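In: I'd like to go over a predicted model; first the sequence, then the structure.
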Amino acid sequence: MSVLPSRKAEVPQAPPGVMVIFGASGDLAKRKLFPALYHLMTDGLLSKHFRIIVVERRDRDAAAYRDYIDTTARPFISKDISADLWQELLQRIHYLNGDLNDADTYKRMSTMLDEIESSHHTGGNCLFYLATPPDTFGEIATQLHAAGLATEHGDQWRHLVVEKPFGRDLASARALNNTLQAAFHEDQIYRIDHYLGKETVQNILMYRFANSTVEPIWNHRYIDHMQITVAESIGVESRGGYYDQTGALRDMVPNHLLALLSTVTMEPANSLDGNAVRDEQAKILRAIQPILPEQVLTQVVRGQYGESTLTSGKTAIAYRDEERVAPDSATETFVAMKLLIDSWRWAGVPFYLRTGKRMPGRYTEIVVQFKQAPNMMFRDSLLRREQVPPNTLVLRIQPNEGIGMSFNAKVPSPIPQISPVEMDFSYSDYFGDGPTTGYETLLYECMNSDPTLFKRADVIETGWELVEPILDVWHALPPRNFPNYAAGTWGPRAAEDLIAQDGRAWRPCKVCSID
Ligand code: BG6
């Protein structure tokens, strides 16, 4: 490729403001938030009137925090780091020592914000980022409100950013939404699903709606089925305590997998405006056929990994032997399901979803399999219909982000022979490898008061409504065969059967080699 199109066209700088980070000594701050802020800065997108307050209940000061984040965040910055710029970012940090449950912390925060506003011209804009455990969300939002910090005066904005998990079932998600909405207006609440920050997920909308050749065939007349796979090769790592209470279904389906499903199936919105897109996403999620309790056993598969020797020769321990996991745990580390959508566009088209830990590779992709061509023309030739594979389109979310299309071509030969061939678009070939944690766009959009990529309360609740019957049935009928797949394999046999009973198969992974 001789000339690469610029990755960033003319993008305006984000407005001034203060980002208040709660839980600033956690993983998120060092892995994602500071690297993302740095990347925004190197791209010239951070206002020079942007400041950061870190809130901690520790006895250190701004200088000590700067030293801490300097060492811990550096490895997650994916560009050659410019010492000057990085130092400039660190110098924007202010430090607030305080207990999250103590009203005095918020009083001092308010004073600090006033001082920063007058000395650094931050315009009164504020982004409160809760990088704290979910059981603190309600308390922090309520305290911010009580201290008057949620109130927006004039043109200024006050945004509350929270990350999943948004509850652990429908009732707790509703309760959390109610608490947050009592403190902030819904349009001030930015709920992050980091999948929506991935460039390739955003590209699905561009691919579908900016190309006139795509939409006419994006429906039940041409599409046989879709598959969404979110596979991870890692186990639960150090998160056994959280994961054992959560499981693959809660951890991945109502949020990330449904975000992918709604993006690939929604109707076109009439603008890219936050609510226009989110209305369409909410509409399609509401159109998913509810899974009735009696369908859970036939439409949903759960699995848990057992010990195994990987192809690399390494031994992977069983889930039940992971740290802070119960030795008789019934928590699933794998889930697969079949969904149908009650809409004109998707009538009769099955959507197969699967996600799991300790799979043979880390990859996320959406496979769109088109209907087989009728092939009447080949009836009398040597070719049989089953030798002509259907076309597939693969939206690769990670790794090797891009889009691949397979179609059939004639093999050069005197006899008619057909072979599937591939056309491939790879992001990095066209746009280069950009530094991205996925949080750059999310933080930038939040500062620009654009909620398109954030989850609305109703979307969260619809996701939980869908998985609730599964949780109930699984709770009532604990699994009797766990562990039921070996680490480093594609999950339990039942996941293959789920799709095979419809005469279909999961697309083999092209990038997998377990390590
Ligand atoms: C998180 C889940 O939301 O997403 C993790 O809690 C999972 O369990 C992660 O590993 C996957 O995200 P990604 O971006 O690595 O695919």
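Out: Structure's in. What do you need?
In: Spell out which parts of this structure neighbour the ligand.
Out: Counting by Cβ under 6 Å from any ligand atom, the chain comes close to the ligand at Lys164, His194, Glu232, Asp251, Thr364. C-beta here means a position set from N, CA and C on the backbone, and glycine is covered the same way.
In: Can you lay out those residues as CSV showing pLDDT?
Out: CSV is the format used below for the residues of the chain next to the ligand (pLDDT from 0 to 100):
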residue, pLDDT
Lys164, 90
His194, 91
Glu232, 95
Asp251, 95
Thr364, 95
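In: Give the PyMOL command for selecting the buried subset of those residues.
Out: In PyMOL, this line selects whichever of the residues of the chain next to the ligand come out buried by 16 or more other Cβ atoms under 10 Å:
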select buried, resi 164+194+232+251+364
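In: Sitting in helices, which of the residues of the chain next to the ligand do you find?
Out: The helices, defined by DSSP state H, take in Asp251 from the residues of the chain next to the ligand.
In: would CSV of the residues of the chain next to the ligand with distance to Ala210 be doable?
Out: Shown next, in CSV, are these (distance: Cβ to Cβ, whole Å):
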residue, distance to Ala210
Lys164, 29
His194, 24
Glu232, 31
Asp251, 32
Thr364, 22
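In: which one of the residues of the chain next to the ligand sits closest to Gly404?
Out: Nearest to Gly404, judged by Cβ to Cβ, of the residues of the chain next to the ligand is Thr364 at 13.9 Å.
In: Leaving out the residues flanking it, which one is nearest to the closest one?
Out: Distances taken as Cβ to Cβ, 6 or more residues apart in numbering put Ile397 closest to Thr364, at 3.9 Å, once the chain neighbours are dropped.
In: Check the secondary structure at that neighbour for me.
Out: Three-state call for Ile397 (DSSP: H, G, I helix; E, B strand; the rest coil): strand.
In: what do you get for Asn400?
Out: From three-state DSSP, the assignment for Asn400 is coil.
In: Dig out what the closest residue to the ligand within the stretch 301-450 of the chain forms beta bridges with.
Out: Across the stretch 301-450 of the chain, no residue is closer to the ligand than Thr364, which sits at 5.9 Å (Cβ to the nearest ligand atom). Beta bridges link Thr364 to Val230, Gln398, judged by DSSP bridges.
In: show me what contacts it?
Out: Contacts for Thr364 (Cβ atoms under 8 Å, 6 or more residues apart in numbering) come out as Thr229, Val230, Ala231, Leu260, Arg396, Ile397, Gln398.
In: what's around the residue nearest to Thr364, how many residues?
Out: Neighbours of Ile397 under the rule other Cβ atoms under 10 Å: 24.
In: before we move on, what about the one 10 residues further on?
Out: Other residues near Phe407 number 15, with proximity taken as other Cβ under 10 Å.
In: so when I look at it, I'm seeing a helix, right?
Out: No. Secondary structure of Phe407 (three-state DSSP): strand, not part of a helix.
In: if you skip the residues just before and after it, what's nearest to it?
Out: Asn391 (5.1 Å).
In: residue contacts, that neighbour?
Out: Applying Cβ under 8 Å, 6+ apart to Asn391 gives the contacts Gln369, Phe370, Met405, Ser406, Phe407, Asn408.
In: so the nearest residue in space to Gly356 that is not next to it in sequence bridges to which residues?
Out: Nearest non-adjacent residue to Gly356, counting by Cβ to Cβ, 6+ apart: Phe334, 3.3 Å away. Bridge pairing for Phe334 (DSSP bridges) gives the partners Gly303, Gly356.
In: Pro483 versus Phe334, what's the distance?
Out: 10 Å (Cβ to Cβ, to the nearest Å).
In: among the contacts of Thr364, who's most crowded?
Out: Of all these, Leu260 has the most neighbours under the rule other Cβ under 10 Å, reaching 27 neighbours.
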